[in-house]
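Colleague: A structural model of the following input is requested.
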Amino acid sequence: MSRSQITLLVLLITYASYGYSYVIPTPEFVVFPNGLQISIPDEEGIEIFYFHGRIQRKNQKLIQSDTIVLDTRDKTGDRWTVKEENVHLRPGDSINYWVFVRKNGVGYRNPTGYFEMTGSNYDLLYFRQITPTSNAPMNVKHRRNTRHIMMIKINL
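Modeller: This next block holds a predicted model:
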């Protein structure tokens, strides 16, 4: 191989290794009357799942916010799941969140996601979700897309 071919090969390998970026799956939210469960599907190499969210509570007089910080190093079945049992979500509440996943020793954080609970009854809860289109290792900004998710209230 000539020197230029070796240089080209090294550049291609370097580009390919930096060009790969793990995409964190979109979190699945399940709302309970007295809690919230967030999960992602298991993938080979995941070591930790971390969720950080800020609930914006909106009422007629003021806007309040609560912070949720959850993590797990253990998967449940085929999902990585975290639960918060002291959260009461109401229509008009929204959640700004980010997720961190360590996979094969490398940490990945998605850009900020957004959920908004809409609707007026608790039998059907609707979230408007804005999710990044891709993830990259720590603090890289990306465009976002919008996805609608319907959540069903579970009576215990």
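
Colleague: and the longest strand for the protein?
Modeller: strand 46-58 (DSSP state E).

Colleague: How about that one, which residues are buried there?
Modeller: In terms of neighbour count (16 or more other Cβ atoms under 10 Å), strand 46-58 has its buried residues at Ile46, Phe49, Tyr50, Phe51, His52, Gly53, Ile55, Gln56. Heads up, the C-betas are built off the backbone N, CA and C, glycines and all.

Colleague: With stretch 22-41 instead?
Modeller: In terms of neighbour count (16+ other Cβ under 10 Å), stretch 22-41 has its buried residues at 22, 24-27, 29, 31-32, 35-40.

Colleague: for the buried residues of strand 46-58, which one is nearest Tyr97?
Modeller: Of all the buried residues of strand 46-58, Gly53 has the smallest distance to Tyr97: 3.7 Å, by Cβ to Cβ.

Colleague: The closest one pairs with what?
Modeller: Note on Gly53: beta-bridge partners by DSSP bridges are Ile68, Tyr97.
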